[in-house]
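>>> The sequence isn't on hand, but the structure is:
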């Protein structure tokens, strides 16, 4: 049998200017533009293989070895768009010899290298990987921004995972969404020394799903329209500027303010939506305390928090301040998993004797009761080709099933 | 010796449309108008005796038997204003015979019938009682609204405690504050069946004082100006209307929305301010669940929450729904103090068999871990004259000191 396959990995991205609110739920068109940092795939990535073959009797999708339906409205849209682009390739002059892949069923096999339970933005990595793997399989000539529109239909924030480094999702104005796409603000290489410490808050009951939460906020919050019309547009320009100028002070302040602004509109919804819990709040206080100390010393903000639709904290900082930041959080969280001794030898003088910005009395050790694991990572590149296929070309089956 | 004395009691008031933000910190002029419900003095009140005598060598103030300074800028202002009004009385024609009390030092003895620790708005009761006691001692002819401006200078929300029932604090426009005063929306008798269940959250470290919190919000929140200019003015009119029409559905919805809106601007401050904790949030969820059930049954919202600058919940409801409400909260909190068996015989069929709106599975029993006591009360009248003086007329001393 002939099996055509392609495999890619795709990253998680964490917004620093939040996407919250859809103006079109079917097309995933947002009420405001957003900005994100793409995280390294060494720590968080989805590996996805796509295959098509005449032998396949139906489309099939395996997520983390579990068979999932491909008949969801969003996936149907995504596949329709990708097949249309493939048809264009097949029908264009000189390509008569190309196999008619657009007419074959697909097998998608996808695996994350991190626990989806962690409540991290796994759908962004997953959908972007699926779209990228299929467009590679189809050898589509289209630009990443073009492809990002298809990923967007699958899961809004997935469009931002098609680029590495610093990414903007431009909301666009058209009702068909043709101008609502991801673009690169700056590549990884522009500002490579941004690190991220993710504090995963212990298993919790999520208040409401992002999708229904967004709709509730759009419908009921009195403050929401002011946020999207009067605050975000200016902040979007300021944050892009801070990234282009590698101005961490400004970038950090805007990131923290936007996280708080987003959660304010959740609290202003009716009934109110709560994603932050008491541990999230203690982390926020601790970050502001660290920055106060640092600003006193040298006028510099050195760490920024941001929270998506859940209690997990993502802390951004520059590599040069890593010792200072990690000294505080390792003291509190040394017992939880995720500290990679290879990368961070905390017993080592460097770290144990590194600049101590907070005294023991200033550190809120109760934070450790709420954190189940940490993830140490950094800004990373966009989707990558991979040799590590999850599909056996000979049998055309998922490798794990053989 | 001649000792002139007067004694009054004054109530606590809990805002349903929140006062948050000063446009003038010295005069306590607010950035928006607010509305409150005055609570019964049977449960929460300050008892204050004021005396003056030629024998007094200085002004003295005892709060809960502790000597406090009267030389604070706010108290100096308050006394200056009251003495000025007394002088006017003394100097007006036909009053030549009146004693020149305006020239005598004052003794103020004040006691609350509730723990100030509880973090309830005790300053409103305290300042209004002080101002009312002195104006009674001085036999001032001025209206309550006139007197409320003096109380306002002592503690903003104190001005609302000079009236019973349903009270508005009109922000005014003048820079001297002469039009920033409390007025009655409706007296207790208009809507006497509003009850309040106060859930006192266990001892907590307060995030920041209201005074500095307000200033931080005014200075840093991007959403704050929109709240005061575009949301509160309309809500103020709607809430007054709902009170005049005794429309609990509307009143409850506006009260809950305004509490959330106020706490949203706190979260939107930089650094963010947090007054609600995880227990406050669970109470909010429970209240919305109760209302959902009730709306399904008969289209009626039956309970409203509101939170001041702290985690304590104040729940308002109509007497006719008391069994339904108390059944839920007594189930959760039967072990904490504050359930007055005299008033509420929960063992009694009435209550134990009262309409059960939530099943055991729907009730979040973890709430009891965060609540230290309940206070059952209701809408009440304004300041009252009292015979129970705290000052011994013969000796001119505080009674407890004799």
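Ah, there it is. Here the structure is a predicted model, which is why all the values come from computation and not from measurement.

>>> How about the residues of chain A by chain B?
Residues of chain A lying close to chain B (C-beta under 8 Å from any C-beta of the partner chain) are A:222-223, A:226-227, A:230-231, A:253, A:256-257, A:260-261, A:263-265, A:267-272, A:274, A:277-278, A:281, A:284-285, A:288. (Each C-beta comes from the backbone N, C-alpha and C, glycine too.)

>>> Of those residues, which count as buried by neighbour count?
Among those, those classed as buried by 16 or more other C-beta atoms under 10 Å in any protein chain shown are A:222-223, A:226-227, A:231, A:253, A:256-257, A:260-261, A:263-265, A:267-272, A:274, A:277-278, A:281, A:284-285, A:288.

>>> Return the subset of those residues lying in helices.
Mapping those onto helices (DSSP state H) picks out A:226, A:253, A:256-257, A:260-261, A:263-265, A:267, A:278, A:281, A:284-285, A:288.

>>> where does chain A have low pLDDT?
A:116-119, A:203-206, A:341-355, A:402 (pLDDT under 70).

>>> Repeat the analysis, applying 80 as the threshold.
Scanning chain A for pLDDT under 80 picks out the ranges A:1, A:115-121, A:203-207, A:340-356, A:401-402.

>>> where do the helices sit along it?
A:73-91, A:122-137, A:144-154, A:210-220, A:224-226, A:232-244, A:248-267, A:278-298, A:322-333, A:349-352.

>>> Dump these to a markdown table, plus distance to residue B:17.
Shown next, in a markdown table, are those (distance: least, C-beta to C-beta, whole Å):
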| stretch | distance to residue B:17 |
| --- | --- |
| helix A:73-91 | 42 |
| helix A:122-137 | 40 |
| helix A:144-154 | 41 |
| helix A:210-220 | 18 |
| helix A:224-226 | 19 |
| helix A:232-244 | 28 |
| helix A:248-267 | 17 |
| helix A:278-298 | 26 |
| helix A:322-333 | 40 |
| helix A:349-352 | 52 |
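
>>> Would you mind giving the domain segments of chain A?
A:4-188+A:386-401, A:194-378 (automatic domain parsing).

>>> want to try JSON lines for those domains, with distance to residue B:149 as columns?
Listed next are the domains of chain A as JSON lines, based on distance: least, C-beta to C-beta, whole Å:
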{"stretch": "domain A:4-188+A:386-401", "distance to residue B:149": "43"}
{"stretch": "domain A:194-378", "distance to residue B:149": "31"}
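
>>> Buried deepest among those, which one?
domain A:4-188+A:386-401 (a mean of 20; mean count of other C-beta atoms under 10 Å in any protein chain shown).

>>> For that domain, measure first residue to last.
18 Å (C-alpha to C-alpha, to the nearest Å).

>>> what does stretch A:227-234 give?
Note: stretch A:227-234 ends 10 Å apart using C-alpha to C-alpha.

>>> And for it, what's in contact with it?
When contacts are defined by C-beta atoms under 8 Å, 6 or more residues apart in numbering or on different chains, stretch A:227-234 is touched by residues A:17, A:21, A:31-33, A:258, A:261-262, A:264-265, B:222-223, B:226.

>>> Can you add distance to residue A:4 and give the residues you listed back as CSV?
Formatted as CSV, these follow (distance: C-beta to C-beta, whole Å):
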residue, distance to residue A:4
A:17, 39
A:21, 39
A:31, 39
A:32, 40
A:33, 37
A:258, 43
A:261, 47
A:262, 42
A:264, 49
A:265, 46
B:222, 52
B:223, 52
B:226, 55
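
>>> In the ones in helices among the buried ones among the residues of chain A next to chain B, find the pair that's most separated.
A:226 and A:278 (27.9 Å; C-beta to C-beta).

>>> Which single one of the ones in helices among the buried ones among the residues of chain A next to chain B is nearest to residue B:202?
Nearest member of those to residue B:202, counting by C-beta to C-beta, is residue A:278, at 13.0 Å.

>>> looking at it, the closest one is touching residue B:278, isn't it?
Yes - taking contacts as C-beta atoms under 8 Å, residue A:278 lies within contact range of residue B:278: 4.8 Å.

>>> The residue lying closest to residue A:99 once chain neighbours are set aside and residue B:164: what is the separation?
Distances taken as C-beta to C-beta, 6 or more residues apart in numbering or on different chains put residue A:4 closest to residue A:99, at 6.9 Å, once the chain neighbours are dropped. Separation of residue A:4 from residue B:164 (C-beta to C-beta, to the nearest Å): 81 Å.

>>> ranges for the strands of the stretch 1-150 of chain A?
Using DSSP state E, counting those that start in this stretch, the strands of the stretch 1-150 of chain A run over residues A:4-11, A:13-17, A:22-24, A:29-30, A:34-38, A:45-53, A:60-63, A:66-68, A:105-112.

>>> From the contact counts, what lies against the longest one?
In terms of contacts (3 or more C-beta pairs under 8 Å, 6 or more residues apart in numbering or on different chains; DSSP states H and E), strand A:45-53 is packed against strand A:4-11, strand A:105-112, helix A:122-137.

>>> Could you figure out how far the longest one is turned away from strand A:13-17?
Interaxial angle, helix A:122-137 versus strand A:13-17 (axes from the mean of the first three to the mean of the last three C-alpha atoms, to 10 degrees): 120 degrees.

>>> same deal with the first one?
Between the axis of strand A:4-11 and that of strand A:13-17 there is an angle of 40 degrees, by the same axes, to 10 degrees.

>>> What pairs with strand A:4-11, parallel or antiparallel?
strand A:45-53 (antiparallel), strand A:384-385 (antiparallel) (DSSP bridges).

>>> Columns distance to residue A:132 on top of the ones you listed, output as a markdown table?
Shown next, in a markdown table, are those (distance: least, C-beta to C-beta, whole Å):
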| stretch | distance to residue A:132 |
| --- | --- |
| strand A:45-53 | 8 |
| strand A:384-385 | 9 |
